[in-house]
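J.: okay, sequence plus prediction incoming.
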Amino acid sequence: MTHLTVDGVTKIFGDPDKDGVVAVDDLDIDVEDGEFLVLLGPSGCGKTTTLRMIGGLETPTSGEIRFDDVVVNDIKARNRDVAMVFQDFALYPHMTVRENLGFGLKREDNGMSTADVNERVEEVATMLEIEQLLNNKPAQLSGGQKQRVALGRAIIREPRLFLFDEPLANLDAKLRKTMRTEIDELQSEVGITSAYVTHNQEEAMTIADKIAVLNDGALQQLGRPEEVFNEPANLFVAQFVGSPDMNIYDGVVEEAADGVRVELDGVSFELPSDALDSEVPPGGVNVGFRPQDFYQTGKRRADGLTFDVDIRVIEPVGTKAIVHGDGPMGDVTAEIGEFHGLSAGDTLSLSIAPEHVYLFDAETEALRKGRRIENRASVQSQSQSSESDGVEI
Amino acid sequence: MSYSKQARGSFESVSERIPEGVKVYLPILPVTALVGLFILYPIAQAIYSSFFNKDLLAPSEAEFIGLANYAEIWSNPTIHQVLWNTLIWVVVGSSAAIVLGFLMGWLLHEKLPYTSVASAIVLIPWVLPRVVGASIWQFMFGGSQGIINELLVQLGVIDEYIVMLGSTELSLWPPIIGMIWRLAPLFALLTLTSLQGIDEHLYEAARMDGATPWEQFRFITIPMMRYNLAIGFLLMLIYNIRNFSMIWVMTKGGPGVSSSTLPVMIYRTAFVDFDVGLASALSLILFIVLLVFSYYYIQVYDQVRGDV
């Protein structure tokens, strides 16, 4: 049970005075006892370096890492009582599953006899349903089984912290989802504070209590998954989180009678003041629409935006489809539910509610207006009613 | 079409006339013939010769003497001295080359920059022509001008130059040192490559599991290298036991047989004393020892391939 604090941590590889590379830049993260933190970001953003510093495999250049307010910077990895699951599992190839699981327990000064260790190994193996593999070597295991052994090796010691370094990246898509759920369940079951590195935003959204989005070594946002999705701190976070990518257009905000008017290339729409959390000053903005927030309509509304899209490509994904097309303001990607009868070349009329529009400052790329969820129910009923109006698409 | 059918027909008729049991051996016939001619026949010839009193200059006057050559080996103190020398040579030479080689390989991996350049330099003793290397050592160990004598005097180990290569007490050791110098780099390279083959994540996993540096070495490094080390160990034994050039160039096995090992003794018996029978019997002993080592070498090698 550990409260993890990363306080102003910077990591520079190489000589800081000369051509050192800043991997992590003045990072502040706070993880409550039992919380599941996900470090999310593109390759080279510093997320793995951060995880390795927490584990003690790297030393911070400056700043402090604390476990329950005790600075651990100078405590060696082997004395931190932290367990780590590696991307390539890093199972000891010359040891059986039993020896792999028991290795950490035997290194501890815990007064456990060989029989105690064996008992604990079998307990964990049963929990992970790998008890019949105990005498196998890692080379004889499938990817999923290796993953379970790696997890077992981490949980067997009941460490203060779990660290996961892209643990699912080497598994196939189906297994990845199963294991994701299992890791999530396992963590809530044992209640151990965890930090998890991934570049997969979907994985992050489903598994995290808290997401830290990193880019170029700097923290972009720290928040709950829905905060990161609905209120991305800046354009980078907005584009990184969510799939398909958010549609982004250059626009200009002007004052209107009630709220503001947003001018895009070829179209414009109004955002009434009750759709805005705070005042949006006039000037250049980046306007963002999530593909999921579009709904189909034939009818223009007074607020929000309705526009026609010439469909270029339709990618059906089961019960929904991703549509790529040309709108008046540029390329549009939308996720729609009703796609039967549509084909490339057709024109589709799409709307988006004012609550769902994102605005970012054109200069600083900071969020000016996020996605409001409290109005979601009414928006959905609106969209349903507009569809039930019998509008032909 | 009819032609090819005909051709196939005639081939089939020839092929049908050869019995099935013989046919399967036809494809390996050329290789078998070569192996038989260049490997099996000489072995058989050596075994056969070992039962004769045979002079190299008058092979036709060979006289069958049964196991007399082996009895000679059993009772001759000079030969015992040579077998003893061989044992010392193999045990001391191999273990020193292994320890030194391992340290060199480990240093190359852990501590030294420019690993590829450094390992190329380290390999020089191994790639140098054997006679050249041996001549350099002979020169350095020389009694009147050798740098080793000078060095020992400077260090205060000895008071004045001593005869090393010509001394019955000391002459075994300079060639052993030369051989360690030649073999250690090979073991170093083997150590280096197997250290490089160990996934860095295993050490990180072990560190997270609470392993001390010693435990990492004991439970990760050594087990991960065990096959390579076993192969290296057997290679050192084999190279040492069949070495000839280092001794021959430096001391010719003398004075007396004080620096002779089995291969030198065999050479002297066959081509200086012209006693082919005894030389063949000695060869057979060497052959059996090498056979045992090679058997284990292949066993380990197969195990490595099976494990990967």
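T.: It's in.
J.: what comes into contact with stretch A:224-236?
T.: By C-beta atoms under 8 Å, 6 or more residues apart in numbering or on different chains, the residues outside stretch A:224-236 that reach it are A:204-206, A:208-211, A:213, A:215, A:220-221, A:223, A:237-238, A:241-242, A:248, A:286, A:288, A:358, A:360, A:364-367, A:370-373. The C-beta positions use only the backbone N, C-alpha and C, and glycine is treated the same way.
J.: ok, stretch B:233-243 next?
T.: For stretch B:233-243, the surrounding residues in contact (C-beta under 8 Å, 6+ apart) are B:86, B:89-90, B:93-94, B:97-98, B:179, B:183, B:186-187, B:190, B:261-263, B:286, B:289-290, B:293-294, B:296-297, B:300.
J.: go again with 6 Å.
T.: Residues outside stretch B:233-243 that contact it (C-beta atoms under 6 Å, 6 or more residues apart in numbering or on different chains) are B:90, B:93-94, B:97-98, B:179, B:183, B:263, B:293, B:296-297.
J.: starting at the chain centroid, how far to it?
T.: Taking C-alpha atoms, centre = their mean, to the nearest Å, the mean C-alpha location of stretch B:233-243 is offset from the chain mean by 3 Å.
J.: swap in stretch B:265-273?
T.: With C-alpha atoms, centre = their mean, you get 20 Å for stretch B:265-273.
J.: what's the longest helix in chain A?
T.: In chain A, with assignment by DSSP state H, the single longest helix is helix A:173-190.
J.: buried ones in that one, by neighbour count?
T.: Applying a neighbour-count criterion of 16 or more other C-beta atoms under 10 Å in any protein chain shown, one finds A:176, A:179-180, A:182-184, A:186-187 buried in helix A:173-190.
J.: which residues of the stretch 201-350 of chain A fall in strands?
T.: Under the criterion DSSP state E, counting those that start in this stretch, strands of the stretch 201-350 of chain A are mapped to A:210-215, A:218-223, A:247-255, A:260-263, A:268-271, A:283-289, A:295-296, A:305-317, A:320-327, A:330-336, A:347-352.
J.: how much space between residue B:213 and chain A?
T.: Counting by C-beta to the nearest C-beta, to the nearest Å, the gap from residue B:213 to chain A is 9 Å.
J.: can you get me a residue count around that residue?
T.: Using other C-beta atoms under 10 Å in any protein chain shown, residue B:213 has 13 neighbouring residues.
J.: where does it land on pLDDT?
T.: Listed pLDDT for residue B:213 reads 91.
J.: what residues are up against it?
T.: Neighbours of residue B:213 in contact, by C-beta under 6 Å, 6+ apart: none.
J.: what do you get for residue B:203?
T.: residue B:216.
J.: what about 10 Å?
T.: Residues in contact with residue B:203 (C-beta atoms under 10 Å, 6 or more residues apart in numbering or on different chains) are A:57, A:90, B:211, B:213, B:216-217, B:220-221.
J.: tell me the mean pLDDT for whichever strand or helix holds it?
T.: Element membership for residue B:203, per DSSP states H and E: helix B:200-208. Mean pLDDT, helix B:200-208: 93.
J.: so what's the backbone phi/psi at the residue nearest the centre of chain B?
T.: Nearest residue to the geometric centre of chain B (C-alpha atoms, centre = their mean): residue B:239, 1.5 Å. Note on residue B:239: backbone dihedrals following degrees, to the nearest 10 are phi -60, psi -40.
J.: likewise for residue A:168?
T.: Main-chain dihedrals, residue A:168, degrees, to the nearest 10: phi -100, psi 0.
J.: still on that earlier bit, ok, the residue nearest to the centre of chain B to residue B:178 distance?
T.: The gap separating residue B:239 from residue B:178 is 13 Å, by C-beta to C-beta, to the nearest Å.
J.: okay, and the common contacts of the two?
T.: residue B:93.
J.: returning to that earlier point: ranking the strands of the stretch 201-350 of chain A by burial, who's on top?
T.: Scoring the strands of the stretch 201-350 of chain A by mean neighbour count under mean count of other C-beta atoms under 10 Å in any protein chain shown gives strand A:210-215 as the most buried, with a mean of 25.
J.: direction included, what does it pair up with?
T.: strand A:36-40 (parallel), strand A:218-223 (antiparallel) (DSSP bridges).
J.: between the longest helix of chain A and strand A:36-40, how many degrees?
T.: 140 degrees (axes from the mean of the first three to the mean of the last three C-alpha atoms, to 10 degrees).
J.: mind listing the helices for chain A?
T.: In chain A, the segments counted as helices under DSSP H are A:47-55, A:97-107, A:114-127, A:143-155, A:173-190, A:201-207, A:225-230, A:235-240, A:376-388.
J.: possible to save the ones you listed as JSON lines with mean pLDDT?
T.: JSON lines is the format used below for the helices of chain A (pLDDT from 0 to 100):
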{"stretch": "helix A:47-55", "mean pLDDT": "94"}
{"stretch": "helix A:97-107", "mean pLDDT": "91"}
{"stretch": "helix A:114-127", "mean pLDDT": "89"}
{"stretch": "helix A:143-155", "mean pLDDT": "90"}
{"stretch": "helix A:173-190", "mean pLDDT": "85"}
{"stretch": "helix A:201-207", "mean pLDDT": "91"}
{"stretch": "helix A:225-230", "mean pLDDT": "93"}
{"stretch": "helix A:235-240", "mean pLDDT": "94"}
{"stretch": "helix A:376-388", "mean pLDDT": "41"}
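J.: ok, now how distant is the closest residue to chain B within the stretch 151-300 of chain A from residue B:123?
T.: Using C-beta to the nearest C-beta, residue A:153 is the residue of the stretch 151-300 of chain A that sits closest to chain B, at 7.2 Å. Remark: distance between residue A:153 and residue B:123 (C-beta to C-beta) = 39 Å.
J.: with residue A:368 instead?
T.: For residue A:368, the distance to residue B:123 equals 66 Å [C-beta to C-beta].
J.: so between those two, which is more surrounded?
T.: Applying other C-beta under 10 Å to residue A:368 and residue B:123 shows that residue A:368 carries more neighbours, namely 22 against 14.
J.: these two touch, right, that one and residue A:282?
T.: No. Judged on C-beta atoms under 10 Å, residue A:368 makes no contact with residue A:282 at a distance of 11.1 Å.
J.: picking up where we left off before, what's the PyMOL line that selects buried ones from the contacts of residue B:203?
T.: Buried members of those, defined by 16+ other C-beta under 10 Å, are picked up in PyMOL with:
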select buried, (chain A and resi 57+90) or (chain B and resi 211+216+220+221)
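J.: so the closest residue to chain A within the stretch 1-150 of chain B, which of the three states?
T.: Nearest residue of the stretch 1-150 of chain B to chain A: residue B:113, at 15.1 Å (C-beta to the nearest C-beta). Of the three states, residue B:113 takes coil under DSSP: H, G, I helix; E, B strand; the rest coil.
J.: if I look at it, how far off is residue B:107?
T.: Residue B:113 is 11 Å from residue B:107, by C-beta to C-beta.
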